[in-house]
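Student: Sequence first, predicted coordinates after that:
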Amino acid sequence: MDLLRLAGVPGVGKSTVAWAIAQQLAADGVRLGYVDIDQLGMCYPGPDGDTDRWQLKETALALIAARFAVAGAERLIVSGVADPAEALSGNGHPTVALWLDADEATRRERLAPRGWTSAQLENALAVGSRETRDAYASWARIPTDGHSVEETAATVLARWGAGVAEAAPARTVEAASGRVIWLTGPRCAGASMVGWEIASARWEKGERTGFIDAAQLGFRWNIDHEVGAGNVAALHRLFSGAGARTTIVAAPFEIAPSDVRAAFPGADVLFVRLHADASTTRDRVRRRVGGDGPRVIGDDLIGASREVVEGVVATAMRQRQEPLREGEVLVETTGSTVAEVAALIVAHLAG
């Protein structure tokens, strides 16, 4: 398996271009995986000596890349930030590393829809300009100004296909096992929002805690072997080894508790299943269609049709009727705020 790293500062288009390349290769029948490295480092406060979590994310990538290779992937695409001041760490696989560039005006235009405050935007632009200027020389640069996503994707593919770098040894990590809070339920029941609320409260108290969006670790095409639960387990072990006593996971309903237990042998896992009624689910889906909430790669609800909305609601209602699976604790979210649902779960943990 060989690997493509697309890095750069916010607004250069790294995730958008990476996803476009993934879709193209998948259509061509390539056995392929995709991950955004930012999803591999949500463990706060950062480990001692690695407060920015650069090393944590690179180690996590080596672990996840190894799992994709075992699953049969021929290629793995990785987008996301990288330490601009250091040479790229080895991940155990031949890697081509490309740094996407864009001037400040282009980045400002692309970042505007994210809804950041003026101060957040200006800070991101200033830091981005500095990191772009000082990025380590080993990164090959590709400008994206004035180019469509398709044009940049074609340029990247040509560079990737031109040859791969020498493979470097992957790092290993000795990991412990902390508690796992596994939040699941039908789509738009609120697992991600509630999980983030619980994690954020712990971070504010300085309690080292991991957060994992399981769906973001399971992107694969033309590969029969499921990788999501195993990737989550590998990342959880890494977070635990870094001192996180709890890892909070937001996961699709389709990952059954039995699969989780197989991936987390002997771990202390609390399974929480969230439900919402049809009206609440429909409202949440429609808000997602309109762009409400955090934007994550692969979100097929952005701009979705009415038919898609009703299909999601129908599936959610069918899943809502399924009996609780072994070990699941039911929490109804209809009529409650995210904070209220999070408080219920925290109270259950305390009890």
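Tutor: In hand now; what should we look at?

Student: all contacts plus neighbour counts: C-alpha atoms, from now on.
Tutor: OK.

Student: Spit out the contact partners of the spatially most central residue of the chain.
Tutor: In the chain, the residue lying closest to the centroid (Cα atoms, centre = their mean) is residue 39, at 3.4 Å. Applying Cα atoms under 8 Å, 6 or more residues apart in numbering to residue 39 gives the contacts 212-213, 216-217.

Student: just residue 206 next, same as before
Tutor: By Cα under 8 Å, 6+ apart, the contact list for residue 206 reads 44-45.

Student: For the remainder of this discussion, apply numbering that starts at 130.
Tutor: Right, with 130 as the first residue, what we last looked at is residue 335.

Student: What separation do you get for it and residue 342?
Tutor: To residue 342, residue 335 is 21 Å away according to Cα to Cα, to the nearest Å.

Student: which other helices and strands contact the helix or strand of the chain with the lowest mean pLDDT?
Tutor: Each helix and strand of the chain was given a mean pLDDT (mean pLDDT, DSSP states H and E); the minimum falls on helix 247-263 at a mean of 87. Secondary-structure packing of helix 247-263 (3 or more Cα pairs under 8 Å, 6 or more residues apart in numbering; DSSP states H and E): helix 233-240.

Student: Buried ones in the helix it packs on, by neighbour count?
Tutor: Within helix 233-240, the residues that count as buried by 16 or more other Cα atoms under 10 Å are 233, 236-237, 240.

Student: So which residues make contact with it?
Tutor: 139-141, 250, 254, 258, 274.

Student: can I get those in a markdown table with neighbour count?
Tutor: Putting the contacts of helix 233-240 into a markdown table (neighbours: other Cα atoms under 10 Å) gives the following:
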| residue | neighbour count |
| --- | --- |
| 139 | 21 |
| 140 | 23 |
| 141 | 26 |
| 250 | 17 |
| 254 | 21 |
| 258 | 18 |
| 274 | 17 |
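
Student: Quick check: the two most widely separated of those?
Tutor: Within the contacts of helix 233-240, 250 and 274 form the most distant pair, 18.7 Å apart (Cα to Cα).

Student: In the stretch 380-480 of the chain, mark out all the helices, start to finish.
Tutor: In the stretch 380-480 of the chain, the helices defined using DSSP state H, counting those that start in this stretch lie at 386-392, 407-418, 435-449, 467-479.

Student: ok, and what's touching stretch 376-393?
Tutor: The contact list for stretch 376-393, computed with Cα under 8 Å, 6+ apart, reads 307-316, 320-321, 324, 328, 338-344, 358-359, 362, 365, 368-369, 396, 400, 454-457.
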